[in-house]
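**Student:** give me a model of this one.
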Amino acid sequence: MNNTILIVDDEEMITTTLSSLIKLVLKYNVIVSNDPLEVIENKLIEKYNIDLVISDFLMPKMNGIKFLEYVRKINSEIITILLTGYADKESAIKSINRVGIYYYLEKPWDNNTLIKVIKNGLEKKRLSDELNKKIIELERSHHEVSSLYELQKKHYHNEVENMKGVIMALANVIEAKDKYTEGHARRVAYISKKLGQKSSLSKEQLENLEIAGIIHDIGKVGVSDSILNKPGKLTNEEFNLIKKHTVIGEMICKPLNCLKNCIEPIRHHHEKLDGSGYPDGIKSNKISIETRILTVADIFDALYSDRPYRNSLPLEKVRYIMFDEVHNNKLDGNIVKLLFEMIDNKEITCINEKEKRQFIS
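**Tutor:** Numbering: from 1, shown residues only. This is a model prediction of the structure:
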């Protein structure tokens with residue numbers, strides 16, 4: 001079934017141009033309107049089961065931010081793209097995070113970029129739709145983990161031959177669920193593997209560590225979107241729900257024999273050396289070297305990346321916080337020291353914004 005795209009712009013030339021481009025290149029269904037109020041009054045979103053909306057920012061009857069806010073209220077899963085002129089860029093950006101817009105493009109846009117953004121947005125929606133469907137099935141059956149396992153077993157019946165497919169499928173589920181962790185899992189896997197190599201881990205240990213890094217947060221599929229993406233401080237109840245993701249992650253991976261050696265780091269990557277971590281409160285001698293490495297990599301990237309409640313921290317601030325955790329017997333000092341030595345020596349290349357966004361294992 002083809003996707004359906006709605007284009008809203010008060011300039012008929014723009015809607016005609018965009019419609020022709022999308023129909024020609026992507027072969028999608030396209031609905032156009034030059035009046036956002038017409039869309040609302042005629043309920044075009046509901047009528048045509050819209051998958052993606054492209055809206056102009058400045059329109060005479062209703063601006064694009066308010067219109068896309070309306071779209072999100074009708075269906076929060078619809079992908080929304082905002083077109084804005086250069087002069088309006090600053091005011092548009094200020095409103096984007098509040099509305100939850102997927103992407104914005106400046107006029108005049110580049111056709112190749114626009115097509116790529118549309119395809120990526122619809123792929124993210126497809127993953128999100130699949131996940132929502134799966135969650136509904138889980139709620140209906142009251143058996144979350146078994147249903148998720150059966151879904152994975154159905155699509156990946158041969159665990160050994162299809163291990164890579166399973167891992168990437170799980171990673172995609174995580175990123176579709178939590179917009180703030182996009183790329184986080186791959187960065188954690190990359191850093192963990194680098195630290196493991198420097199720590200003389202065996203080939204098998206390195207492979208398991210890299211896999212655990214990619215899927216260490218898979219248990220977040222069992223946590224509500226509203227909690228994962230909450231911009232403010234979490235309540236104690238909400239934080240306790242998030243803490244369950246380590247146990248849920250273990251339960252998801254346990255039936256898959258190819259992931260048996262990754263389960264311990266997945267369950268324990270939030271444990272601390274002094275026993276103050278979760279879910280089991282285990283102490284230093286019971287935490288494996290793989291888990292210690294994964295924990296350090298996870299905390300580093302969390303501090304050095306944007307989060308719902310704050311922007312990324314400067315590298316020196318991250319360094320200070322992590323060594324303070326070492327001082328308080330929370331993190332392995334040898335691994336933290338090794339991490340920053342490798343960053344300083346450019347053996348781990350994640351200290352500028354472009355690399356931080358782009359590198360993968």
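**Student:** what is the longest helix along the chain packed up against?
**Tutor:** Ranked by residue count and defined by DSSP state H, the top helix of the chain is helix 111-141. With contacts taken as 3 or more C-beta pairs under 8 Å, 6 or more residues apart in numbering; DSSP states H and E, helix 111-141 sits against helix 12-25, strand 52-56, strand 79-84, strand 103-106, helix 144-155, helix 163-177. (C-beta placed from N, C-alpha, C; glycine too.)
**Student:** between these, which gets the lowest average pLDDT?
**Tutor:** Ranked by mean pLDDT, the helices and strands packed on helix 111-141 end with helix 144-155 at the bottom, a mean of 57.
**Student:** can you map out the helices along the stretch 251-361 of the chain?
**Tutor:** For the stretch 251-361 of the chain, the helices defined by DSSP state H, counting those that start in this stretch occupy 263-268, 289-303, 315-327, 333-344, 353-358.
**Student:** show me the domain layout of the protein.
**Tutor:** 4-122, 143-358 (automatic domain parsing).
**Student:** CSV for those domains, including mean neighbour count and distance to L131?
**Tutor:** Listed next are the domains of the chain as CSV, based on neighbours: other C-beta atoms under 10 Å; distance: least, C-beta to C-beta, whole Å:
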stretch, mean neighbour count, distance to L131
domain 4-122, 17, 10
domain 143-358, 18, 6
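**Student:** just for the stretch 201-350 of the chain, where's the confidence low?
**Tutor:** For the stretch 201-350 of the chain, the stretches with pLDDT under 70 are 307-309, 350.
**Student:** quick check on I5: phi, psi?
**Tutor:** The phi and psi values for I5, taken as degrees, to the nearest 10, are phi -120, psi 140.
**Student:** can you pull the contacts of it?
**Tutor:** By C-beta atoms under 8 Å, 6 or more residues apart in numbering, I5 lies in contact with I22, Y28, N29, V30, I31, I50, D51, L52, V53, I54, I118.
**Student:** how close does it sit to Y103?
**Tutor:** I5 is 14 Å from Y103, where distance means C-beta to C-beta, to the nearest Å.
**Student:** equivalent analysis for H216, please.
**Tutor:** Taken as C-beta to C-beta, the span from H216 to Y103 is 28 Å.
**Student:** L201 too?
**Tutor:** Per C-beta to C-beta, L201 is found 39 Å from Y103.
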